[in-house]
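>>> Pasted the sequence and its predicted model underneath.
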Amino acid sequence: MALLLLLALSFSTALSAPTRPNSVTKDVALRYLTSFGYYNAIPHASQMDSRSSAALRAQQLELAVKKFQSFAGLPVTGVLDQPTKKLMTRKRCGIPDFNAIQREGFQFKWDKQDIRWTVEKFSDDVSQGDTRRAIGQALSVWQEVIPLNFIEVAPGSSEADIRVGFATAVHEDAYPFDGPGGVLAHAMFPPDGRLHFDDDENWVYMDVEKLKKYANTDLIAVAIHELGHSLGLEHSNDQDAIMAPFYHEQVSDKPHYEVPPLHEDDIRRIQRIYGSRNDGFRPETTVPRPVRTTTEAIETQTRIEVGVEGGSPSGGGNAPCPNQIEDSAKSINGATYVFADSNVWELQGQRLQNSRPITAVFPSGPRRVTAAVTNPRTELMILFDQRTVYAYVWDASSGTFHPHRDFPKTLSDLVTFTPTAAFEWRDGNIVLLGGDTFATYDENWNTPTFVHKTTDYFNGFPEDVTAVLSNGQPGHILLVTPAGGYGYDMNAQKVTNSDPIPRQQFAPCS
């Protein structure tokens, strides 16, 4: 919880909107990248010598710029060049583009078909009637492609699910507005329902002449985007999509206003959540997206059940039972793989079976694995040999693993330790452990999103964790140390047994 709170607060600082590329200094860019989820300072780096710390922060800033450029469709250089600075001056939505800690691995949606909405606070720029019409028109754009119905209710109604208003500067949420330009609006994901427009902007309703001036902003276009958030969509990296974070000027030679249409990317993503208008309503609740980490549960402090029967490459082996497990990972094929020395076992039921050399299962792989984890979002199995990172794709048709074309990589220097274990946190983040330090890790960019002391965020974590076993009980893992295993409740953030559980009890050999 402390980790989530800290990162949520990192997005709450108001920015003064830069208006010209030349006004985007390094400090302005850093605040921008932090505000929109591309950059998180490494607190642990402050304990290093000044030269090393400065080098790490420079590398992290370069990676943040690359992320921003990649997401925005710019040439990925890592340099604050003119096109990058110019885009940072564009009007945009205030919701972060990257929400890895808070939202990745989850799908927010409404669990009912009839969604009620109201406008609670109005702007002097647009009449109350036109404001209500704008919101209604924006909702109709979404209603045409999904099986939801939108019903207006009176301001102040307790029945309102989506509550729209205009505000300035610091107001009733964690996203302060920044004055004219810059951030135009923001909306919260279901079931929150708050949607706020920055009243310091010049809002226009269906007036093509006024919209030819950059200082004016199209209320309907921004409302369609923000209501996409209200329905559960995050930002799109397709720059032609309504859900791209940057404002598209509504410039047209036609004499009358046309409501902006949804892009195919918007339609595909919203129908992935709710289905199409023709499919009918799917009454599921807002729940985490499925994460493929199911094994049997840790039942008590003295009896551990981990692993399941699952498909895997064929073959056998006679490696001796390991004295110490170095790490494990559950593949999308259903098998849990346990690594020790140069061998890999399958954890089937409660026993280690079917040992083979690591390279027999993971071709062109490491001879030894010091940490392993599967990312359920990318479906990659990630193996670490000290500071070398490998990644594998499971091919169901052949029943084998294939190396990912972008790996192996050398672990970024921003990870200030050598990983000895890895696991998936309850929010879908990949966590690397090493000594008394942890990092949340993005294998696509080969960079941490956060690095800090383990004990500051994970109460009771032993410092010598060599492996983490997952299990089917939500929010529970088993921390493996040289002394034995410790159950850990991720929701309560506490160790569930004071005495270590012998390895022969939670992972004996056949």
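Looks like it arrived, so ask away. Source: prediction; values computed, not measured. Residues are numbered from 1 along each chain as shown.
>>> C-alpha only now, for contacts and for neighbours.
Will do.
>>> I figured Lys494 was touching Tyr488, is that so?
Yes. Using C-alpha atoms under 8 Å, Lys494 is in contact with Tyr488, at 5.7 Å.
>>> Those two: which is more packed in?
In this view Lys494 and Tyr488 are compared by other C-alpha atoms under 10 Å, and Tyr488 has more residues nearby, 23 against 15.
>>> ok, Glu209 to Tyr257 distance?
Noted for Glu209: a distance of 9 Å to Tyr257, by C-alpha to C-alpha, to the nearest Å.
>>> so where do the helices sit in the stretch 151-300 of the chain?
Using DSSP state H, counting those that start in this stretch, the helices of the stretch 151-300 of the chain run over residues 219-230, 264-274.
>>> Give the rounded mean pLDDT of the shortest one.
This points to helix 264-274. The average pLDDT for helix 264-274 rounds to 95.
>>> what's the spacing between that helix and its chain's center?
18 Å (C-alpha atoms, centre = their mean, to the nearest Å).
>>> Can you tell me what sits against it?
Contacts to helix 264-274, defined as C-alpha atoms under 8 Å, 6 or more residues apart in numbering, come from residues 107, 109, 145-147, 232-233, 236, 238, 241-243, 281-282.
>>> relative orientation of that helix and helix 219-230 in degrees?
Going by axes from the mean of the first three to the mean of the last three C-alpha atoms, to 10 degrees, helix 264-274 is angled at 40 degrees with respect to helix 219-230.
>>> Could you check helix 264-274 and say which residues are buried?
When neighbours are counted by 16 or more other C-alpha atoms under 10 Å, the buried residues of helix 264-274 are found to be 265-267, 269-271, 273-274.
>>> cool, and stretch 176-194?
Of the residues in stretch 176-194, those scored as buried under the neighbour-count criterion (16+ other C-alpha under 10 Å) are 176-191, 193-194.
>>> what does stretch 237-254 give?
Going through stretch 237-254 with 16+ other C-alpha under 10 Å, the ones that come out buried are 237-239, 241-248, 250.
>>> Mind putting the residues you listed into TSV with pLDDT and distance to Val431?
Formatted as TSV, the entries for those read as follows, by pLDDT from 0 to 100; distance: C-alpha to C-alpha, whole Å:
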residue	pLDDT	distance to Val431
Asn237	92	25
Asp238	94	29
Gln239	94	31
Ala241	97	32
Ile242	97	33
Met243	97	29
Ala244	97	29
Pro245	97	28
Phe246	96	31
Tyr247	95	35
His248	87	37
Gln250	70	43
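>>> Out of the residues you listed, which is nearest to Thr89?
Ranking those by separation from Thr89, with C-alpha to C-alpha as the measure, puts Phe246 on top at 10.0 Å.
>>> how much space between the closest one and Ala154?
The value you get for Phe246 to Ala154, if C-alpha to C-alpha is used, is 31 Å.
>>> for Ser412, same thing?
For Ser412, the distance to Ala154 equals 54 Å [C-alpha to C-alpha].
>>> Between the two, tell me which one has more neighbours.
Set side by side, Ser412 and Ala154 give different neighbour counts by other C-alpha under 10 Å, the larger being at Ser412 (19 against 13).
>>> quick one: contacts of stretch 221-236?
Residues outside stretch 221-236 that contact it (C-alpha under 8 Å, 6+ apart): 93, 97, 107-110, 134-135, 138-139, 141-142, 162, 184-190, 193-195, 242-245, 247, 259-260, 265, 269-270, 273.
>>> domain parsing for the chain?
Split into domains by automatic domain parsing, the chain comes to 18-90, 106-288, 327-506.
>>> so what secondary structure elements neighbour the lengthiest helix in the chain?
The longest helix of the chain (DSSP state H) is helix 50-72. Based on contacts counted as 3 or more C-alpha pairs under 8 Å, 6 or more residues apart in numbering; DSSP states H and E, the elements that helix 50-72 packs against are helix 26-35.
>>> same thing but at 6 Å, please
Here helix 50-72 is seen to pack against no other helix or strand when contacts are counted using 3 or more C-alpha pairs under 6 Å, 6 or more residues apart in numbering; DSSP states H and E.
>>> circling back: which among the buried residues of helix 264-274 gets closest to Lys213?
Nearest to Lys213 among the buried residues of helix 264-274 is Asp266, at 26.9 Å by C-alpha to C-alpha.
>>> export the helices of the stretch 151-300 of the chain to JSON lines and tack on distance to Phe458?
What follows is these, written out as JSON lines (distance: least, C-alpha to C-alpha, whole Å):
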{"stretch": "helix 219-230", "distance to Phe458": "31"}
{"stretch": "helix 264-274", "distance to Phe458": "33"}
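>>> I'd like to know which of these is closest to Ser70.
Closest approach to Ser70 among these is made by helix 264-274 (17.4 Å; C-alpha to C-alpha).
>>> then the closest one to PDB, C-alphas only?
The C-alpha trace of helix 264-274 is given here as PDB (Å, rounded to 0.1, in the frame of the first residue of the first chain):
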ATOM      1  CA  GLU A 264     -11.000   1.400 -35.100                       C
ATOM      2  CA  ASP A 265      -8.500   1.100 -32.200                       C
ATOM      3  CA  ASP A 266     -11.000   2.800 -29.800                       C
ATOM      4  CA  ILE A 267     -13.800   0.500 -31.000                       C
ATOM      5  CA  ARG A 268     -11.700  -2.600 -30.700                       C
ATOM      6  CA  ARG A 269     -10.500  -1.800 -27.200                       C
ATOM      7  CA  ILE A 270     -13.900  -0.700 -25.800                       C
ATOM      8  CA  GLN A 271     -15.600  -3.800 -27.300                       C
ATOM      9  CA  ARG A 272     -12.900  -6.000 -25.700                       C
ATOM     10  CA  ILE A 273     -14.300  -4.800 -22.400                       C
ATOM     11  CA  TYR A 274     -18.100  -4.700 -23.000                       C
END
